[in-house]
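Engineer: Any chance you can model this:
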Amino acid sequence: MRHFPGDPDHLKNINGTFCDTFADAARMRGLFEDNSVWEKTLKEASNSLLPSQMRSLFVNILIHGSTQNCVIDSLSLWEMFKEHMIDKRNCTDAVKQRRIDRALAIIERYLFANGKQMKDYRLPLPSNSLTDDPNKAVDEFFFPQHLNDDDVDETVDTSFEKAKLNHEQENFYKLVLDAVMDPNSKNRLFFLSGDGGTGKTFLLNFLLFNLRRLGNKVLATASTGIASTKFYAGGMTLHSAFRLSINNEPDRIPSIPFQSYFGRRIIESNLIIVDEITMLEKTVLENVDKLCRIMVPKNQHLPFAGKVVIISGDWKQSLPVVKNSRSPEAQVAVCLQTSNLYPMFHKTRLTQNMRLQPSEIQFKEWLYKLGTDTSGDKIAIPKSMFVESREELIEFVFDKGFDIQVPICLRDLCSPL
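Structural biologist: Next up, the predicted model:
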């Protein structure tokens, strides 16, 4: 290291080579870990992932892969793997350049959604960059299919055009559609619940697809990143959409400029969807309510500033995690059900299971009683779940997969300590 005062730019001069950034200079001096782990990750992924999946992985590496000792050389990774991020079928030189530009545009949109820009990672800008056209950035967030219309590997799922709803789903769909189309409708807050397999996520995607097709702007969010990927397009976490801190506290409302990218998304949205709501503490949704009222002051007297809101979940599944507490009472105390907002939501429960075969209905009823604690003091396990011997259990669990010992001996099983 150089420990003398002077022009900071001298630090960029490494044995006569002048670096563009301090990070480059530190990397040349060996002060950072290299990109090898991410190079190996992308190289292995390129053998099996589609271009769209490669782009998503690349963005996740950029956003989450840096550590204190590893500043990612984003441009180097892009140059190494950019051809794996485009569709190479029928790819002339001219088409290749257009698809590379398209890939950069998609990467830029992903970064924008996470509050980042291309310049943060020294990546080249696509033509017609979102930074030059804020209106385009907001429009492409709400209608992401516009970006990918001419890409073979980016076909938008249109199966919802031909999908049919059952009676319960149809009733809920009409309720929400009426609320979105009529700003003066009385019911504007909806809670959708139901057991696993009743089609909650399918119904939300059906709503999302059809409302976007009608020109409505929908914020599709979920309590976790995994849950947000279940939306057919444009899903994100609630915290990301509303710029909430992870350590959410009552009345700790983020400051979002009205004309910013994030501010306009909130202001212009017609409908807000929050899936897996049961995992969130009540203060999260309460702060979203307060933020909406701040961003749309003319409707600050209305819950969520008059926006249509759908929350969805199943109370028999995961509840909020309370730090430093194992008490069920503590979990219940922070649940949405104890919030003053909860009584305002119109409740709809789906009961028709769309996955079960007729032979599985009895097991479904047994499982429901178990989950709702209505099976009595003694739980009778169905005889169909019994096995008569250890050998029968092994055969059921492993089937024939472990009969051949040689392949198993060539594998490692890794788990955290």
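Engineer: burial measure for the residue nearest to S46 when sequence neighbours are not counted, as a count.
Structural biologist: With sequence-adjacent residues excluded and distances taken as Cβ to Cβ, 6 or more residues apart in numbering, S46 is closest to H84, at 4.2 Å. Heads up, the C-betas are built off the backbone N, CA and C, glycines and all. The criterion is other Cβ atoms under 10 Å. On that basis, H84 has 21 neighbouring residues.
Engineer: that's a strand at H84, yeah?
Structural biologist: No. Assignment of H84 by DSSP: H, G, I helix; E, B strand; the rest coil gives helix, placing it outside any strand.
Engineer: quick one, what contacts it?
Structural biologist: Neighbour list for H84: L42, S46, L49, P51, M54 [criterion: Cβ atoms under 8 Å, 6 or more residues apart in numbering].
Engineer: quick one: the second one and S52, what's the gap?
Structural biologist: By that I understand S46. Counting by Cβ to Cβ, to the nearest Å, the gap from S46 to S52 is 13 Å.
Engineer: so of the contacts of H84, which ones are in helices?
Structural biologist: L42, P51, M54 (DSSP state H).
Engineer: which one of the contacts of H84 has the most neighbours?
Structural biologist: Per-residue neighbour counts (other Cβ under 10 Å) across those peak at P51, which has 23 neighbours.
Engineer: pretty sure it contacts K82?
Structural biologist: No. Judged on Cβ atoms under 8 Å, P51 makes no contact with K82 at a distance of 10.0 Å.
Engineer: For those two, list the residues in contact with both.
Structural biologist: In the contact map built from Cβ under 8 Å, 6+ apart, the residues linked to both P51 and K82 are A103.
Engineer: one step back: identify the farthest-apart pair in the contacts of H84.
Structural biologist: For those, with distances taken as Cβ to Cβ, the pair at the greatest spread is L42 and P51 (12.3 Å).
Engineer: What mean pLDDT does stretch 119-128 get?
Structural biologist: Taken as a whole, stretch 119-128 has an average pLDDT of 88.
Engineer: Ends of it, what's the gap?
Structural biologist: Chord length of stretch 119-128, first to last residue, is 15 Å (Cα to Cα, to the nearest Å).
Engineer: How about stretch 244-254?
Structural biologist: Per Cα to Cα, the first residue of stretch 244-254 is 6 Å away from its last.
Engineer: Please apply the same query to stretch 124-136.
Structural biologist: 19 Å.
Engineer: Other residues contacting that stretch?
Structural biologist: With Cβ under 8 Å, 6+ apart as the test, stretch 124-136 has contacts from 75, 78, 101-102, 104-105, 108-109, 112, 117-119, 137, 140, 259, 261, 264.
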